[in-house]
Every structure is written in structure tokens, then in C-alpha cells.
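Visitor: No sequence on hand, only this structure:
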């Protein structure tokens with residue numbers, strides 16, 4: 001189960017890396033593939049919706065009883081994660097505006113994207129350095145099974161669909177090492 005969480009973590013890091021590459025394209029004044037960005041952002045939003053709440057509930061419940069000294073960390077992580085969603089939703093809305101040929105300052109969009117990426121990477125760092133060791137140390141097999149059942153169904157299929165629909169994404173994901181977060 002922890003391996004699955006680490007794989008999901010790595011996949012998210014790769015998705016953020018793809019967005020980072022698009023942000024760099026913007027920074028040099030070129031137009032990235034906004035449709036690809038739309039798909040990546042939609043994937044992340046769906047994943048956050050399908051996984052964040054169950055993971056938060058299960059981890060907070062378990063740590064409340066098994067390791068209450070770490071509850072503040074879990075609550076802070078949950079708060080940080082919840083703050084990511086409106087930022088990503090705003091980026092999603094801005095991508096929609098761009099795809100509908102509405103005027104949007106690209107420098108502001110690139111700045112917002114960079115800020116979101118920095119915040120999400122910081123969250124992934126806390127997950128890797130804080131949450132995963134706690135899960136490994138305090139969770140029973142039953143806890144792990146409940147976490148496994150909380151994983152969103154179809155996340156892997158969505159990733160495969162994105163890879164097939166966007167060969168550029170597939171190439172970037174295959175070529176992208178998991179960037180340090």
C-alpha cells in the first residue's frame with residue numbers, strides 16, 4: 001500500500017514537472033500547448049477530489065489515536081492541501097479563458113502557475129518526509145487496506161488515457177525523472 005502511495009506521489013511529481021515545462025515555455029515568451037495543460041490540470045483536480053478527503057480522514061483518525069503528538073502535522077498538511085485546490089481551480093479557469101481566446105496577461109498566468117507549482121511541490125515534500133514515515137510506523141495492515149480502498153478508481157486509467165491522447169505528455173512523462181520536490 002505504501003508503495004502505491006509512493007507511486008501516486010511520483011506520478012503527481014511528474015505531472016507537476018510537465019506543468020513546469022509549460023511554465024518555462026511561457027517564461028521565454030512562447031505559447032505552450034494549453035489543451036495539454038487543461039488535461040493535466042483536470043487530472044490533478046480529479047485526483048485531489050477523489051483522494052484528498054479520504055486520505056485526510058483516514059490519516060487524521062488513525063494518528064489521533066495512535067500518535068497524537070503528530071496530529072498537528074497532519075492538520076497542517078490537510079490545511080495546506082485544501083489551499084492547493086482553489087489555486088489550481090483558478091489556473092483551470094484561466095486556461096479555459098485562454099482556450100476561448102479571451103485576453104489574459106501571460107506574465108500573471110505564468111506567475112500564478114509558478115506559485116502553485118511551488119506550493120504543491122512543498123506539499124509533496126511534506127508528504128514524503130512527514131506523512132509516509134508516519135504511515136509506515138503507525139498504520140496496521142487493516143489501516144493500509146482502508147487506504148487502498150480509498151484510492152480513486154480509474155486514476156491509472158486516466159493517466160493512460162492522457163498518455164494516449166497526448167503523445168507529447170507521454171514522452172515527457174517517460175523522459176521525466178521524478179524531479180526532487
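Guide: Good, I have the coordinates. None of these values were measured; they are calculated from a predicted model. Numbering: from 1, shown residues only.
Visitor: Count the residues that sit near the nearest residue to residue 20 once chain neighbours are set aside.
Guide: Nearest non-adjacent residue to residue 20, counting by CB to CB, 6 or more residues apart in numbering: residue 117, 5.6 Å away. All C-beta spots, glycine's among them, are computed from the backbone N, C-alpha and C. Other residues near residue 117 come to 18 when the count uses other CB atoms under 10 Å.
Visitor: Relative to residue 123, how far out is residue 117?
Guide: Relative to residue 123, residue 117 is positioned 11 Å away (CB to CB, to the nearest Å).
Visitor: Same question for residue 6.
Guide: 15 Å.
Visitor: These two: which is more packed in?
Guide: Neighbour count, other CB under 10 Å: between residue 6 and residue 123, residue 123 has more, with 18 against 14.
Visitor: Wait, the more buried one touches residue 81, no?
Guide: Yes. With contacts counted by CB atoms under 8 Å, residue 123 reaches residue 81, the gap being 5.9 Å.
Visitor: name the element residue 145 belongs to?
Guide: Using DSSP states H and E, residue 145 sits within helix 141-150.
Visitor: quick one: that helix to chain centroid distance?
Guide: Relative to its chain's centre, helix 141-150 lies at 20 Å (CA atoms, centre = their mean, to the nearest Å).
Visitor: cool, and stretch 13-30?
Guide: A distance of 15 Å separates the centroid of the chain from that of stretch 13-30, by CA atoms, centre = their mean.
Visitor: for stretch 81-88, same thing?
Guide: The answer for stretch 81-88 is 10 Å, by CA atoms, centre = their mean.
Visitor: So for that stretch, what gets flagged as buried?
Guide: Under the neighbour-count criterion of 16 or more other CB atoms under 10 Å, stretch 81-88 has 81, 84, 87-88 buried.
Visitor: Any idea how far the helix or strand hosting residue 117 is from the middle of the chain?
Guide: Here residue 117 sits within helix 106-126, counting by DSSP H and E. Distance, stretch centre to chain centre, for helix 106-126: 11 Å (CA atoms, centre = their mean).
Visitor: Check which helices and strands it is in contact with.
Guide: helix 2-27, helix 71-99 (3 or more CB pairs under 8 Å, 6 or more residues apart in numbering; DSSP states H and E).
Visitor: For it, the averaged confidence score.
Guide: Helix 106-126 comes out with an average pLDDT of 94.
Visitor: Identify the residues contacting that helix?
Guide: Residues outside helix 106-126 that contact it (CB atoms under 8 Å, 6 or more residues apart in numbering): 9, 12-13, 16, 19-20, 22-23, 26-27, 73, 77, 80-81, 83-84, 87-88, 90-91, 94, 98, 181.
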